[in-house]
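> Mind folding the following:
(one chain, ligands or ions: 1)
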Amino acid sequence: MTRNVIVTGGAGYIGSHACKALRAAGYVPVTFDNLSTGWEDAVKFGPFEQGDLLDRVRLDQVFAKYQPVAVMHFAAFSQVGESMKDPGKYWRNNVIGSLTLIEAAVAAGCMNFVFSSTCATYGDQDNVVLDEDSVQLPINSYGASKRAIEDILENFEQAYGLNSVIFRYFNVAGGDPEAEVGEFHQPETHLIPLMLDAISGKRAALTIFGTDYDTPDGTCIRDYVHVCDLVDAHVLGLKWLEDGKGSRVFNLGTGKGFSVREVIDHSRAVTNQEVPYVEGGRRPGDCTKLVSGSERAITELGWRPDRSNLAQMIGDAWRWHQNGHYEK
Ligand code: UDP
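Numbers count the residues shown, from 1 in each chain. Okay, the predicted model is just below:
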């Protein structure tokens with residue numbers, strides 16, 4: 001029997017890697033994407049249905065056509081800095097869009113829901129290892145929008161029995177080692193691809209956002225996880241739901257943090273090239289340190305984030321960076 005999974009945001013960075021992993025695991029990933037930030041070229045592993053999360057009629061058509069066993073919901077705006085300048089964009093697309101999707105799933109009887117949430121829901125909690133029970137106090141609109149969706153999922157479980165696995169991502173990096181898909185944002189805002197652009201001369205020097213944080217070298221600390229490890233967890237989360245294990249929240253990170261300067265040092269080692277950078281001011285909305293406690297995913301899901309070391313993440317991103325891109 002065909003096991004279809006609706007993958008919102010399947011034309012984006014993480015969603016396209018998830019589609020590859022789903023297909024390898026025997027599912028048919030059906031990409032639902034409005035191409036606002038995604039790329040049709042990235043839809044390689046299953047059917048494509050263009051549509052917007054805010055369009056309930058279109059969503060109902062797609063659920064009726066594919067009768068999916070589950071939804072994997074990646075589609076969202078995800079830039080912390082932008083979310084501080086334009087919060088309405090984040091509340092409308094992320095929260096109202098997700099609500100529309102969740103209502104469509106329940107109406108179609110599709111009761112398994114895997115959701116991309118974020119460590120930004122925890123906010124700025126210095127020197128605390130963030131586990132799933134840590135208090136959630138987001139300091140930016142992006143994190144607040146994702147936390148609101150988590151609340152919606154909980155309420156829909158109480159009301160309708162919707163089962164959800166919520167993954168709170170730390171910093172996703174790297175790419176498909178076969179470079180069939182990769183990270184390609186326009187505009188790009190993430191540290192590792194911007195750094196690779198600076199190394200290869202595709203853009204001016206990297207700006208380090210803030211060197212006066214309360215960390216050993218003054219720059220922010222993040223916990224980087226390889227996108228292939230991350231999407232493997234999603235397939236495990238889907239099986240968890242199909243096995244009837246019920247709703248659960250999992251952090252996805254490695255438990256080890258790296259500062260911006262440390263990432264620059266690793267990139268120099270991996271690419272054998274200097275990283276041109278300048279030191280700038282803080283970016284609004286940035287937390288000092290976000291490091292995950294990920295024991296739960298490892299012990300309960302059997303997750304093994306073996307590829308999540310900086311050398312492999314930067315190396316895979318570098319290979320894709322030299323050859324891979326998408327066209328509109
Ligand atoms: N960063 C930076 N310069 C850049 C982009 C990012 O110094 O041009 C820093 C940013 O302040 C944060 C870290 O790199 O501390 C990771 O940022 P990114 O945007 O990749 O992910 P985020 O943590 O915001 O999800």
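> residue contacts, Leu191?
Counting by CB atoms under 8 Å, 6 or more residues apart in numbering, Leu191 touches 171, 206, 222, 260, 263. Glycine gets a C-beta too; all of them are placed from N, C-alpha and C.
> any idea how far Gly38 is from Val181?
The gap separating Val181 from Gly38 is 11 Å, by CB to CB, to the nearest Å.
> again but with Cys287, I slipped
Per CB to CB, Cys287 is found 27 Å from Gly38.
> same deal with Leu301?
With CB to CB as the criterion, Leu301 and Gly38 are 27 Å apart.
> Same drill for Cys287 and Gly38, tell me which one is more crowded.
Gly38 (26 against 21; other CB atoms under 10 Å).
> how near is the closest residue to that one other than its chain neighbours to Phe48?
Counting by CB to CB, 6 or more residues apart in numbering, Gly38 lies nearest to Ala11, which is 2.9 Å off, once chain neighbours are set aside. The spacing between Ala11 and Phe48, counted by CB to CB, is 7 Å.
> Helices of the protein, start to end?
Along the chain, counting by DSSP state H, helices occupy 13-24, 56-66, 80-85, 87-90, 97-107, 141-160, 191-200, 227-242, 260-271, 295-296, 310-323.
> now the first one, how far from the centre of its chain.
The one in question is helix 13-24. Going by CA atoms, centre = their mean, to the nearest Å, the spacing between the C-alpha centre of helix 13-24 and its chain's C-alpha centre is 12 Å.
> hang on, Ala317 packs against Ala173?
Yes: when contacts are counted by CB atoms under 8 Å, Ala317 is listed as touching Ala173 (6.4 Å).
> Overlap in contacts, those two.
Jointly contacting Ala317 and Ala173 under the rule CB under 8 Å, 6+ apart are 183, 192.
> Let me know the pLDDT of the residue of the chain at minimum distance from the ligand.
Nearest residue of the chain to the ligand (CB to the nearest ligand atom) works out as Cys220 at 3.0 Å. Predicted confidence (pLDDT) for Cys220: 96.
> swap in Asp286?
Looking at Asp286, its pLDDT is 87.
> ok, now which ones touch the closest residue in space to it that isn't next to it in sequence?
Spatial nearest neighbour of Asp286, chain neighbours left out: Cys220 (5.8 Å); criterion: CB to CB, 6+ apart. If you count contacts by CB under 8 Å, 6+ apart, Cys220 has them with 209-210, 213, 259-260, 286-289.
> Can you get me a residue count around the residue lying closest to Ala269 once chain neighbours are set aside?
Computed as CB to CB, 6+ apart, the closest residue to Ala269 that is not its neighbour in sequence is Ala311, at 7.4 Å. Residues lying near Ala311 (other CB under 10 Å) number 11.
> swap in the one 5 residues further on?
Counted with other CB under 10 Å, the burial measure for Asp316 works out to 24 neighbours.
> Now do the contacts for it.
174-177, 179, 226, 307.
> Lowest-confidence entry in the residues you listed?
In terms of pLDDT, the lowest of the contacts of Asp316 is Ala179, showing 91.
> how much space is there between that residue and Gln322?
Taking CB to CB, one finds Ala179 at 9 Å from Gln322.
> if you count what's nearby, which of the two comes out ahead?
For Ala179 and Gln322, the more surrounded residue by other CB under 10 Å is Ala179, and the numbers stand at 15 against 11.
> so the more buried one touches Arg319, yeah?
Yes: with contact defined as CB under 8 Å, Ala179 counts as touching Arg319 (5.7 Å).
> which bits of the stretch 101-250 of the chain sit near the ligand?
Taking CB under 6 Å from any ligand atom as the criterion, the stretch 101-250 of the chain approaches the ligand at residues 171, 189-191, 194, 206-209, 220, 222.
> Can you spell out which helices and strands pack onto the helix or strand of the chain with the lowest mean pLDDT?
Lowest on mean pLDDT, DSSP states H and E among the helices and strands of the chain sits strand 289-290, with a mean of 90. The contact analysis (3 or more CB pairs under 8 Å, 6 or more residues apart in numbering; DSSP states H and E) places strand 289-290 against strand 221-222.
> strands paired with the strand it packs on, and their directions?
Here strand 221-222 is paired, per DSSP bridges, with strand 258-259 (antiparallel), strand 289-290 (parallel).
> contacting residues around the first one?
Yep, that's strand 258-259 we're talking about. Residues contacting strand 258-259 (CB under 8 Å, 6+ apart): 215-217, 219-224, 266, 310.
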